[in-house]
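*Asks:* Make a model of this:
(2 chains)
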2 protein chains.
Amino acid sequence: MKYPNNLNKSYKNPLTYKNRGMDLESDLNTSNEYYRDIDLAYIYKKPTPIGVTDVSYSPRGKIIDRGFFKEPSTLDYNGLYRGKYIEYEAKVTKNRTSFPLANIHPHQIKHIRNILRHGGIVFLIIRINGIDYLLKGDDFIGYIDLHTRKSITYDFIKEHGFVIKYGLNPTLDYLEIVNKIYF
Amino acid sequence: MKYPNNLNKSYKNPLTYKNRGMDLESDLNTSNEYYRDIDLAYIYKKPTPIGVTDVSYSPRGKIIDRGFFKEPSTLDYNGLYRGKYIEYEAKVTKNRTSFPLANIHPHQIKHIRNILRHGGIVFLIIRINGIDYLLKGDDFIGYIDLHTRKSITYDFIKEHGFVIKYGLNPTLDYLEIVNKIYF
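*Replies:* Model (predicted):
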């Protein structure tokens, strides 16, 4: 029996679960590629910011001989959907009872506030206990402003987050949730 | 005598000209930083996409020992302004009579069409003969679709582009042009 558009389908489905991509980033990249292929949305992962300290030249182009990873001040993914600016961060936690806030840099929290204030769509995708939740930026900020603890409880995520359907194409249909809660 | 908000002020002004930043990218980065400081717009340069082939670890973090630059499929800058998605590419040409289209990758041209079709604001900033022009994405695509030549004539840029004011803060006030032509 199939539930093609049923958001509430069980994540315990062993077939679906077995075939899950190894990591959230590749699941989102294939989903965004699919969305582009069907001309639905143009959302890309930003390259990790890198500082290059040493380069050399080969016949095939410039080569980086030394570099380092910089701390991002924005979120990982952004783009255009239905005429709107959209931006999000995706994080996996192995923690079963809460999402540690150390996963989101202070610069990024400030950035989320800025995007909210300027009318952009901004959210987190949190993979916790093998389930992917979309947590709206304003719920995230609301939690931070009300709590002093260094993590978001799983109970809060379950209550305020939206479960993202895991499937074939797209792998993670998070825009279905975006349609429901932002449009 | 000062013309604080005069778009038509001469670019031959020797004082202004002498103090110009060495390159367009740093001029835009300082402008975008200024726009963020005054809470006007949240526009960032995307990091150059890099493929990392070799890393090592130091006490200060992961170090890239080998990497290469990838070809971008989107434009260099994107972000949020007045609730709208905005994206652009900035290019300098030393050519005095035309802007070579080789400066914009075929993937990027396709991307400009996608952003236009989905209601985003998209344009080029072209520095030619020491003057910075904002050329709207639809004018750029219109030119490409009508001409077979491999460059955009300077005459076309002068006729359809908008001269961006060069000043102190922001260095390049391109959002003043965006206000006029998109809002």
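*Asks:* where does residue A:74 land in three-state SS?
*Replies:* Under DSSP: H, G, I helix; E, B strand; the rest coil, residue A:74 falls in the coil class.
*Asks:* Need phi/psi at it.
*Replies:* phi -120, psi -170 (degrees, to the nearest 10).
*Asks:* before we move on, what about residue A:117?
*Replies:* The phi/psi pair for residue A:117 (degrees, to the nearest 10) is phi -60, psi -30.
*Asks:* tally of neighbours for it?
*Replies:* When neighbours are defined as other Cβ atoms under 10 Å in any protein chain shown, residue A:117 has 11 of them. C-betas here are computed from N, CA, C, even on glycine.
*Asks:* Can you check the pLDDT for it?
*Replies:* On pLDDT, residue A:117 comes in at 98.
*Asks:* Then residue A:8?
*Replies:* 40.
*Asks:* Same check on residue A:69?
*Replies:* Reported pLDDT for residue A:69: 76.
*Asks:* mind checking how far it is from residue B:44?
*Replies:* 17 Å (Cβ to Cβ, to the nearest Å).
*Asks:* same deal with residue A:144?
*Replies:* 22 Å.
*Asks:* The two: which is more packed in?
*Replies:* residue B:44 (21 against 16).
*Asks:* who does the helix or strand harbouring that one pair up with?
*Replies:* Using DSSP states H and E, the element containing residue B:44 is strand B:41-45. Strand pairing for strand B:41-45, using DSSP bridges, gives strand B:77-81 (antiparallel).
*Asks:* what distance separates the partner strand from the centre of its chain?
*Replies:* 11 Å (Cα atoms, centre = their mean, to the nearest Å).
*Asks:* again, but for stretch A:62-80
*Replies:* Using Cα atoms, centre = their mean, the offset of stretch A:62-80 from its chain centre is 16 Å.
*Asks:* for stretch A:86-93, same thing?
*Replies:* The answer for stretch A:86-93 is 2 Å, by Cα atoms, centre = their mean.
*Asks:* pLDDT weak spots in chain A?
*Replies:* Applying pLDDT under 70 to chain A flags residues A:1-22.
*Asks:* Could you tell me which residues of it lie near chain B?
*Replies:* By the rule Cβ under 8 Å from any Cβ of the partner chain, the part of chain A lying against chain B is A:36, A:39, A:41-42, A:44, A:46-50, A:52, A:60-69, A:73-74, A:78-87, A:111, A:114-115, A:117-120.
*Asks:* gap between the residue of chain A most remote from its centre and residue B:108?
*Replies:* Centroid-distance maximum for chain A: residue A:59 at 37.4 Å, with Cα atoms, centre = their mean. For residue A:59, the distance to residue B:108 equals 25 Å [Cβ to Cβ].
*Asks:* Tell me which residues of the strand holding residue B:44 come out buried.
*Replies:* B:41-45 (16 or more other Cβ atoms under 10 Å in any protein chain shown).
*Asks:* just to revisit the earlier point, next step: the residues of chain A next to chain B restricted to helices.
*Replies:* Mapping the residues of chain A next to chain B onto helices (DSSP state H) picks out A:36, A:111, A:114-115, A:117.
*Asks:* would a markdown table of those residues with distance to residue B:30 be doable?
*Replies:* Below are those laid out as a markdown table (distance: Cβ to Cβ, whole Å):
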| residue | distance to residue B:30 |
| --- | --- |
| A:36 | 32 |
| A:111 | 19 |
| A:114 | 18 |
| A:115 | 21 |
| A:117 | 23 |
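*Asks:* Let me know the helix or strand that residue A:140 is in.
*Replies:* helix A:137-146.
*Asks:* Run me through the strand neighbours of the next helix or strand after that helix, direction for each.
*Replies:* Downstream of helix A:137-146, the first helix or strand assigned by DSSP H and E is strand A:151-153. Within its sheet, strand A:151-153 is paired with strand A:98-100 (antiparallel), according to DSSP bridges.
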